[in-house]
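>>> Structure of the sequence below:
(2 chains)
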Amino acid sequence: MKRVLFVVYQAPVGSIWVNEAFRTTFGMYGEDIEPAIVLMDEAVTAIAKRNEPERVGLLPVKIVHKYIKKYGTEVYAVKEDLEKFKVTEVDEGCMAKQIPLSDVKNLIKESDFVIFM
Amino acid sequence: MVIMIKYGLYHEIEKRKMSFADAGDTVVLIQNGIFWTIREAYKKYVKEGVKVVALKDDYLARGYDEKDSPVPLISYDELIEIFEKDHKTAG
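Residues are numbered from 1 along each chain as shown, chains lettered A, B, ... in the order given. Okay, here's the model as predicted:
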């Protein structure tokens, strides 16, 4: 089984990449692939409780919550970036595990394909 | 692991990607990533034992002279060989 890691670093408001990472991940469960997602830098704001891209006419991130639960998708958020971008209240629906940046390296090395987006 | 760097000098995430490379990995500078060869800026983020190469076409396209490159310049064919040899990639 191949392991694919999506490392999203672009903001959820103003770019499609957070939603694209989740959409692509959910589409992989039918294949012999084990996907996971890391949110870093600006992308960590995607799990902020009051993050609302729909306020400016974009896709809400909350629509992915039920699929994360259904598939048990591994979602990680980098602690240092949560502090850097002052994300104090996290939306539990994303079920994101908060990890230090040093752990991201281990996730990368354990993966077969890593896609930064 | 082959780590592709395609953005230039002020891109935070490219700095992180280079710092993730370990001895035995290969960092490939493509597109604007070749700017990291200027004054060997990549050395601040890349550890000893990590092989760094740049794509020749991208390097020459940006007006630099082959002899000025501090890292080996590779062709597209050589890039494919690197991928075939090392099945893990980050880009």
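>>> interface residues of chain B facing chain A?
With CB under 8 Å from any CB of the partner chain as the criterion, chain B meets chain A at residues B:M1, B:E12, B:I13, B:R16, B:K17, B:F20, B:D22, B:H87, B:K88, B:T89, B:A90, B:G91. To be clear about C-beta, it is placed using only N, CA and C from the backbone, and glycine gets the same treatment.
>>> Now do the helices in chain B.
B:12-20, B:56-61, B:76-85 (DSSP state H).
>>> Deepest in the core, which of the ones you listed is it.
helix B:12-20 (a mean of 20; mean count of other CB atoms under 10 Å in any protein chain shown).
>>> Mind exporting the C-alpha coordinates of that helix to PDB?
Only the C-alpha atoms of helix B:12-20 are listed here, as PDB (Å, rounded to 0.1, in the frame of the first residue of the first chain):
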ATOM      1  CA  GLU B  12       9.100  29.800   3.600                       C
ATOM      2  CA  ILE B  13       7.900  26.400   2.700                       C
ATOM      3  CA  GLU B  14      10.800  25.800   0.300                       C
ATOM      4  CA  LYS B  15      13.200  26.500   3.200                       C
ATOM      5  CA  ARG B  16      11.300  23.900   5.400                       C
ATOM      6  CA  LYS B  17      11.400  21.400   2.600                       C
ATOM      7  CA  MET B  18      15.200  21.700   2.200                       C
ATOM      8  CA  SER B  19      15.600  21.400   5.900                       C
ATOM      9  CA  PHE B  20      13.700  18.100   5.900                       C
END
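>>> Output the contacting helices and strands for that helix.
With contacts taken as 3 or more CB pairs under 8 Å, 6 or more residues apart in numbering or on different chains; DSSP states H and E, helix B:12-20 sits against helix A:101-110, strand B:2-5.
>>> what is the mean pLDDT for the first one?
Mean per-residue pLDDT for helix A:101-110: 96.
>>> Can you add distance to A:E54 and give the helices and strands packed on helix B:12-20 back as a markdown table?
Shown next, in a markdown table, are these (distance: least, CB to CB, whole Å):
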| stretch | distance to A:E54 |
| --- | --- |
| helix A:101-110 | 29 |
| strand B:2-5 | 33 |
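>>> hey, which of those is tucked in deepest?
strand B:2-5 (a mean of 24).
>>> of the helices and strands packed on helix B:12-20, which approaches A:I16 most closely?
strand B:2-5 (21.2 Å; CB to CB).
>>> excluding its backbone neighbours, what's nearest A:E89?
Nearest non-adjacent residue to A:E89, counting by CB to CB, 6 or more residues apart in numbering or on different chains: A:K49, 4.1 Å away.
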